[in-house]
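>>> the following comprises the amino acid sequence and a computationally predicted model.
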Amino acid sequence: MIFDERTERRKAEEWEQGNSTETISLSEIADIAAVGLTYCKDYCSSRETVGQASCYCVRARFPTPEHYQLYLKARHEYQRILAARIAAGTIGENYGTQND
Ligand SMILES: [Zn+2]
């Protein structure tokens, strides 16, 4: 498949409208927040065109930008709690910190 920048921009704009009727549950968002979303490993033609926050890797996982923002908050909170627990010595250093 040939990457089409115009189509990609249109799809990103549609996604940014947040009109998708698809949904994702809070527990699914929490699950992703626990492991971290893996996206844009190396070169990402979608990211190059529309930017990190709207790239295909994000759109494929979250139906709307609101869901993505919720994930970012949940991920931040998860890492904060994790860091506190590591500091308290209750868990090992390598637990749950992959995929960042
Ligand atoms: Zn990407």
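Great, that's in hand. Numbers count the residues shown, from 1 in each chain.
>>> please point out which parts of the longest helix anywhere in the chain sit buried.
In the chain, assigned by DSSP state H, the helix with the most residues is helix 65-87. Buried residues in helix 65-87, counted by 16 or more other C-beta atoms under 10 Å: 65, 67, 68, 70, 71, 72, 74, 75, 78, 86. Any C-beta I mention is one placed from the backbone N, CA and C, and that applies to glycine too.
>>> let me see the contact set for the second one.
For residue 67, the residues meeting the contact criterion (C-beta atoms under 8 Å, 6 or more residues apart in numbering) are 23, 24, 29.
>>> let me have the residues you listed in a markdown table, extended by distance to residue 36.
Listed next are those as a markdown table, based on distance: C-beta to C-beta, whole Å:
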| residue | distance to residue 36 |
| --- | --- |
| 23 | 21 |
| 24 | 16 |
| 29 | 12 |
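>>> now a PyMOL select for only the buried ones of these.
Buried subset of those, written as a PyMOL selection, criterion 16+ other C-beta under 10 Å:
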select buried, resi 24+29
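>>> among the contacts of residue 67, which are in strands?
Taking DSSP state E, every one of those sits outside strands.
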